[in-house]
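Next come a sequence and a model predicted from it.
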Amino acid sequence: MATHTVTNQAPPRQGLDEFSLDLPLVEGVRRHGASWAEPELIATGELVGSAAFSHDAELANVHEPELVAFDRWGRRVDEVEYHPSYHRVLSAAVAAGAHTAAWADPRPGAQVARAAQFLLFAQVEPGHACPVSMTHAVVPALQQFGPAELREEWIPRLFSRDYSPALEPGKTSALFGMAMTEKQGGSDVRANRTSAMPASDGSWILTGHKWFCSAPMSDGFLVLAQAPGGLSCFLLPRVLPDGSRNPFLVQRLKDKLGNRANASSEVEFDATIAWLVGEEGRGVRTIIEMVSQTRLDCMLGTAAGMRQATAEAIWHAQHRSAFGALLAEQPAMTQVLADLALETEAAISSSLRVAAAYEADAPAADEPFRRLATAVLKYWICKRGPGHAYEALECLGGNGYTEAFPLARRYREQPVMAVWEGSGNVIALDVLRAIAREPETADALLAEVRLAEGADARLDAHVADTERLLRDAQHDPASAEAQAGARRLTEALAVALQASLLVRHAPAEVADAFTSSRLGRARGFLYGAAPAAAASASASAIVDRHAGSGG
């Protein structure tokens, strides 16, 4: 029996309030006017910190969705079956308003409160965040461009906090997906070949194939197709107004690196009915606001993963001894944990700042700021996610490399955020496009960064260097030199913004550690190797801040 006595293993990290323990998140919610949401966020924090929710997150990833293309009699049904755990997770997120609460009740702080809800749920189970995000993002596209009859039919269903997985007529709620890309084009959606022809009743008939259709079990989708007047945006329902199923032929589910709980698919449209959203031939313009919203959620989703990885690594180190001392008390480990925490805090603080720029009552200057900051931070935060997850996984040693612990799942998950809604080069070139066509976006971002001017000489020097890069790129954005340097510029802008926010709002040891380790060396950064928190007292304080009372 003695051989099976378990010692020196961390207890399960469960029974916690994940909101209250996350001090950067709590402070950001208060800073951006969403303190009214704290009771709801505490309730969510306790839910996602429970043993039952963690178990559902594990089950949803172990028991992956399965395609049921035909029923037993050979009729096409094109349904995706999920484990009940996935439905429980998704139902809880919808009930908490993590999908559309910001639009349903657009009071001050609503976007930040919704972002915090999204971040808390995605921290523990990221797969369900895909349909939650797309449902959030479709609302502004429909509100701005949808004809009145579509708005009247769909907006109340999108605002509903009920959840039903059934594809059936008469549902009072709805979740949305999207089907934009095709195998020959990818991010170059103008190369799409799916066709759309007008029908006599005002609907359109779609024919074609989509290489990636996210969340194929959703009630409706925004899709792009080539109409006679050019690339256009359409709303495609799974169930038609007469109660019949719309032809939506799921060819296969994608076998993905991560995001296992949620299905992605290839679909074919064969005389599939849809309705035009926006002007014919202006499809990209119609979906651009949706893309902006989902890019913000990529940042939030990555930040959520960073929070989970950091919390798990600190928890393990606070309960595991090696060579005569707790891991968390050993300087080499403390340094790594502090660096993980710095990256997490920078991601959370900057993501919430951008979310605040989407508030209905945001100042006018926030509109050009969010245009550029969304792209810049989507690139940078999502790029940092996979390396961060790996380093946290390594803190757990062999345990971290097994599927019994959540960090293996997180390591596989983080890369999707960098790919979804534009991979690295696509986003970096979009940054060039923004600063060239809308120079006010660059001015707005620099103005935000300069709110910390004079507080840290290292930051001031970095901002001066970054502005020179920016102005050079604006001078000739189409040049080979500007395009080859687009990533460098994007990185410099992102780190400048994060450093400015931390200098203004974070404790001194956090701001000092970030600026000393990240400015001027971001691309070559290794966790635990930079002089981020060289003083052991500072490193310990940073770790304690991110551990909360959990230690």
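Noted; the coordinates are in hand.

ok, now which ones touch A60?
A60 makes contact with Y82, H83, S85, Y86, V89, E125, G127, H128, A261, according to CB atoms under 8 Å, 6 or more residues apart in numbering. Backbone N, C-alpha and C define where each C-beta goes, glycine included.

May I see the buried residues of the longest helix anywhere in the chain?
Looking across the chain with DSSP state H, the single longest helix is helix 283-319. For helix 283-319, a neighbour-count test (16 or more other CB atoms under 10 Å) marks 283-284, 286-287, 289-319 as buried.

Repeat that for stretch 190-209.
If you call a residue buried by 16+ other CB under 10 Å, then stretch 190-209 has these buried ones: N192, T194, A196, S203, W204, I205, L206, T207, G208, H209.

right, and the third one touches C233 too?
No: counting by CB atoms under 8 Å, C233 is not a contact partner of A196; they are 9.8 Å apart.

list residues touching both of the two?
Residues touching both A196 and C233 (CB under 8 Å, 6+ apart): none.

Can you tell me which of the contacts of A60 are buried?
Among those, those classed as buried by 16+ other CB under 10 Å are Y82, H83, S85, Y86, V89, E125, G127, H128, A261.

residues in contact with S218?
Contacts of S218 by CB under 8 Å, 6+ apart are P131, M134, T135, A174, L175, F176, G177, R238.

I'd say the fourth one and R157 touch.
Which is A174. Yes: assessed by CB under 8 Å, A174 is found in contact with R157 at 3.9 Å.

the more surrounded of these two?
With neighbours defined as other CB atoms under 10 Å, A174 and R157 compare such that A174 has more, 26 against 18.

And the more buried one, how far from A141?
Going from A174 to A141 by CB to CB, to the nearest Å gives 14 Å.

do L158 as well
L158 sits 11 Å away from A141, going by CB to CB.

One more: L240?
21 Å.

cool, and D460?
40 Å.

So between those two, which is more surrounded?
Neighbours were counted for D460 and for A141 using other CB under 10 Å; A141 has more, 22 against 14.

in terms of contact, does that one touch T286 like I think?
Yes: with contacts counted by CB under 8 Å, A141 reaches T286, the gap being 6.1 Å.

which residues are common contacts for the two?
Joint contacts of A141 and T286 (CB under 8 Å, 6+ apart) are C233, V277, G278.

Inside strands: which ones of these?
Among the shared contacts of A141 and T286, DSSP state E puts C233, V277 in strands.

Just the buried ones from the shared contacts of A141 and T286?
C233, V277, G278.

who are the neighbours in contact with the second one?
Looking back up the chat, that one is V277. Taking CB under 8 Å, 6+ apart, one finds A141, L142, F145, G146, P147, L150, L222, C233, F234, L235, T286 in contact with V277.

ditto for the last one
Neighbour list for G278: A141, F145, G146, S232, C233, R285, T286 [criterion: CB under 8 Å, 6+ apart].

picking that back up, and the buried residues of stretch 190-209, which is closest to S479?
Ranked by distance to S479 (CB to CB), these are led by N192 at 29.2 Å.

Let me know how buried P363 is, in neighbour terms.
With other CB under 10 Å as criterion, P363 counts 9.

what's the answer for the one 10 residues further on, then?
When neighbours are defined as other CB under 10 Å, A373 has 27 of them.

mind checking how far stretch 401-413 is from the chain centre?
Relative to its chain's centre, stretch 401-413 lies at 18 Å (CA atoms, centre = their mean, to the nearest Å).

Please save the CA atoms from it in PDB.
C-alpha atoms of stretch 401-413 as PDB (Å, rounded to 0.1, in the frame of the first residue of the first chain):
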ATOM      1  CA  TYR A 401       2.700  16.900 -20.900                       C
ATOM      2  CA  THR A 402      -0.200  14.500 -20.200                       C
ATOM      3  CA  GLU A 403      -3.800  15.000 -21.200                       C
ATOM      4  CA  ALA A 404      -4.900  14.400 -17.600                       C
ATOM      5  CA  PHE A 405      -3.900  18.000 -16.900                       C
ATOM      6  CA  PRO A 406      -5.400  21.000 -18.700                       C
ATOM      7  CA  LEU A 407      -2.200  22.600 -20.100                       C
ATOM      8  CA  ALA A 408      -1.700  20.000 -22.800                       C
ATOM      9  CA  ARG A 409      -5.100  20.900 -24.100                       C
ATOM     10  CA  ARG A 410      -4.300  24.600 -23.800                       C
ATOM     11  CA  TYR A 411      -1.000  24.200 -25.600                       C
ATOM     12  CA  ARG A 412      -2.900  22.700 -28.600                       C
ATOM     13  CA  GLU A 413      -5.500  25.300 -28.400                       C
END
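
That's all I had, so thanks and see you.
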